[in-house]
Structures are given as structure tokens and as C-alpha cells.
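# what shape does this take:
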Amino acid sequence: MSRRTIRAGVAGGLAAALTLLGVAAHADPDPNNPGQPIPGKTDSQLYAAVGADAFAELTNHIVATYNAQAPAPTDLLESFDAVNPATGNPGDQIVTKPGCSVARPNGANAGITTILLNQKSDVATGGDGTSYCVDFVRSSRAKGTAAGEANLTFYAQSRDAVSYATLGNAYAPTAPLTTAQLKDIFECTDTDWSQVGGQPGAIHVYVPPTTAATYTFFLQAIGSSVTNVNTGCGNTTILQQQNDGRTLNGDPQGIAPYAVTKWAAQENGAPGIDDNRGGTEIGLVNTTTAPTISTSLAGHTYEVLNPAFASGASASFGRLFFNVVRNDAPQELKDVFKAGGYLCQHQDAFLIPFGNTPLGDDQTQSRFCGQTS
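You can find the predicted model right below:
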């Protein structure tokens, strides 16, 4: 089989064990106490993650499966959602480890900012004074050029794409929207659906917070920016939580960016994920190429990102997911994400139920699992 298709060995018992019979994935480390660390561990025995919403539940599942190994690792992984899993609110204070109180980052951009603070645990509140409060970040964007990011290592995980979501076609056109049309919509140059081939009615532009890389990446893909949106639309945009179709409030005239793999994971009912699509559908961009395709794993059929959707005329909408650590992170943490490491050994079993397209292990290719930048 091709390196980009499901490997036969993985599609057997291992995949079933990891995705179907494995431990439950929890939102936040302690499901009974959102925003709190795994109980019974010191700060030096925990590696805490924050960041992107787009694959938060996927990371939760990887973390839970890693921690459930027999014998159990001495040092455990944690992953905190982008929003409070009980209330849905962003920005609450979370305790990632004993002695560590951190404002919950809502998105990859905020997660990168947080890890670069290099905050360490507080002795006065139970920490050892030397352990970092955040050890790795779920990033839905590539490494940036800011000086601080040179101190971080980005490990490639999987493929994603960002498109847009609408509720049916009562107003939005059934034909693909072009990159230029999306730019005009999100900069409020075009303000009526009839201007882009839809039915007459005002376009309601929903935007995630700028801390979300899903939003800033989408704007980059359409040739726009937060500044252009704010200038063109003023205060007419409507704030929503990224990758949560319910926050369009059932609005048939609404449009919002949406990570394709997150939508697919919600469709698949992947471990620990809620179906928050709210009736939305992923829109077509430039061509009629479908955003997702069906694939089989361990006797189950899943929707995953269609690689063809993120190439050709819509290549700018394709992106990678990364796990980000400090350059001097402990080797045991790097071993989880490196090429040939824990995640990459089980990439099909972990990634496919969550709609992600695995990168494969062939290091002669331009992209492979665990590739560093």
C-alpha cells in the first residue's frame, strides 16, 4: 500500500485497541475538575499542553492512551482544552501543575505566546520552582519568524485544511466560492449573498478570536488579514468560537472559518469529541473537489481530509498540525512526537478517527510524521 494509505499492520489489532477499545479521552486532565492537573503527581512528573482547538480532542486521546500504558509512565502528559469544557468559556485560570496558575490559551497563537513566557511553578503554592508550567503546545500553524520561536521545535503531526462553514444553501451558493470571493466576503466588500451567486440576503460574517490560528491562517489563505477585516467590516462581524458551528446560532445567512478535520472528527464521533457542527456544512473552494473523503480503518468508515482539497487550486487552504516543545525539552517528551516516536508509530490509529490525514514515515518525502522545523 502507499505510504499515504492505511498500513495493513496498523489497520488490525493495534488500531482497534487504540481507537475503539482504548481508554476514554477526557476534556482537561481531571474530568471531574476542569482546569485542574492530574491528581497525585508533582509538577516535575507532568508535561502540560495548551493551544489549538482544532485538534484538542485528538491530543486528549493521545495523552490518555499514552498515560494508560502498562507499566504506566512515571511522567504523565496532560492536555488542556482551548475553552473550559464544562462552561465553554475561554480565558479562565487553569492550574496546569502544582504551583502553576495560567490563563487558559484559546488557540494556537495564544498557546505559543504562553509557552514563550517560560513561566515556572511557584514554590509558595506547591511547586518546585524549576518546572515549566507549559511544556508543549498544540499548534495549527507553522513556525513563525518571531525571534522567540527560534527557541521552539515544531514536530509535524498531520494534514488539515481550513475552509468555511454555512448552514445549508438558503442564501449561500451551491457552487464553490473562489478565494477572491471569500476575501471580499470577509473584508465586507461583498455584503449580500447575491453578489457571490447566492440568494438575496445580507451576509453575516462570524469570526473567531485572533488568538485562534484557524482564523489567522484562513485569512492568510484568502489573502487577507485581521487588520483588513477590521477596517472593512468595522463592528459588523460577529464573534464566535472557532470550529463550533453552534456558535453561528442557526443563522442561515452566516459564514465562518472551519477546520476541515475538526468537522470530520465531529462527524465521525471520535473519542471524547462532541458533535458541535450545529447543522453546518463545509463549503467548496475554487473547485467542486470535496473537502472530505471516506476511508476504512479496523472495520469502521471515517471521514478524513481529502488531500486533493488542500492542493491544486486550493493549496493555500492546506496546512499541517504540529506539536511544539522547547528546544531543550526533556528527551522523553520529544520522544512522543519525533519521527518514529510514540505518536508516529501509531499515527493511523490515532489520526484517522479524528479526520486527520497521516503524513506517513517516508523521510524522503517533503513532509513526514515527526519532521522538525
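
# per-residue confidence averaged over whichever strand or helix holds Lys183?
According to DSSP states H and E, Lys183 maps onto helix 179-186. Helix 179-186 shows a mean pLDDT of 98 in the predicted model.

# check the offset of the next helix-or-strand element following that helix from the chain's centre.
On the C-terminal side of helix 179-186, the closest following helix or strand by DSSP H and E is strand 204-207. Distance of strand 204-207 from the chain centroid (C-alpha atoms, centre = their mean, to the nearest Å) equals 20 Å.

# check which helices and strands strand 204-207 sits against.
helix 179-186, helix 226-233, strand 238-239, strand 254-259 (3 or more C-beta pairs under 8 Å, 6 or more residues apart in numbering; DSSP states H and E). C-betas here are computed from N, CA, C, even on glycine.

# same list (those) but as TSV, adding mean neighbour count and distance to Ala313.
Listed next are those as TSV, based on neighbours: other C-beta atoms under 10 Å; distance: least, C-beta to C-beta, whole Å:
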stretch	mean neighbour count	distance to Ala313
helix 179-186	21	8
helix 226-233	15	22
strand 238-239	12	29
strand 254-259	27	18
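
# now Ala146: how far from Leu152?
10 Å (C-beta to C-beta, to the nearest Å).

# helix/strand/coil for Pro85?
Look at Pro85: counting by DSSP: H, G, I helix; E, B strand; the rest coil, its state is coil.

# so it makes contact with Asp30?
No: applying C-beta atoms under 8 Å, one finds Pro85 not in contact with Asp30, separated by 10.7 Å.

# these two: which has the busier surroundings?
For the pair Pro85 and Asp30, the greater number of neighbours falls to Pro85 (19 against 14), based on other C-beta atoms under 10 Å.

# can you pull out the strands in the stretch 51-200 of the chain?
Counting by DSSP state E, counting those that start in this stretch, the stretch 51-200 of the chain has strands at residues 76-79, 93-97, 100-103, 136-139, 152-166.

# these: which one's closest to Val123?
strand 100-103 (11.4 Å; C-beta to C-beta).

# what is that closest one packed up against?
Where contact means 3+ C-beta pairs under 8 Å, 6+ apart, strand 100-103 is packed against strand 93-97.

# pull up the pairing partners for the strand it packs on, direction included.
Note on strand 93-97: by DSSP bridges, its sheet partners are strand 100-103 (antiparallel).

# report the buried residues of the strand it pairs with.
Counting neighbours by 16 or more other C-beta atoms under 10 Å, one finds that the buried residues in strand 100-103 are Cys100, Ser101, Val102.

# list of residues touching it?
Residues outside strand 100-103 that contact it (C-beta atoms under 8 Å, 6 or more residues apart in numbering): 37, 43, 48, 50, 91-96, 114, 119, 121-122, 125, 127, 131, 133-134.

# repeat that for 6 Å
Contacts with strand 100-103, where a contact means C-beta atoms under 6 Å, 6 or more residues apart in numbering, come from Gly91, Gln93, Ile94, Val95, Thr96, Ser121, Cys133.

# wait, which of those is closest to Ala161?
Ala161 lies nearest to Gly91 out of the contacts of strand 100-103, by C-beta to C-beta, at 27.6 Å.

# residue contacts, the closest one?
Gly91 touches Ala103, Arg104, counting by C-beta under 6 Å, 6+ apart.

# likewise for Thr125?
Thr125 makes contacts with Gly99, as judged by C-beta under 6 Å, 6+ apart.

# dihedrals phi and psi, the nearest residue to Thr191 once chain neighbours are set aside?
Distances taken as C-beta to C-beta, 6 or more residues apart in numbering place Ile203 nearest to Thr191, at 5.6 Å, with adjacent residues excluded. Torsion angles at Ile203 (phi, psi; degrees, to the nearest 10) stand at phi -90, psi 130.
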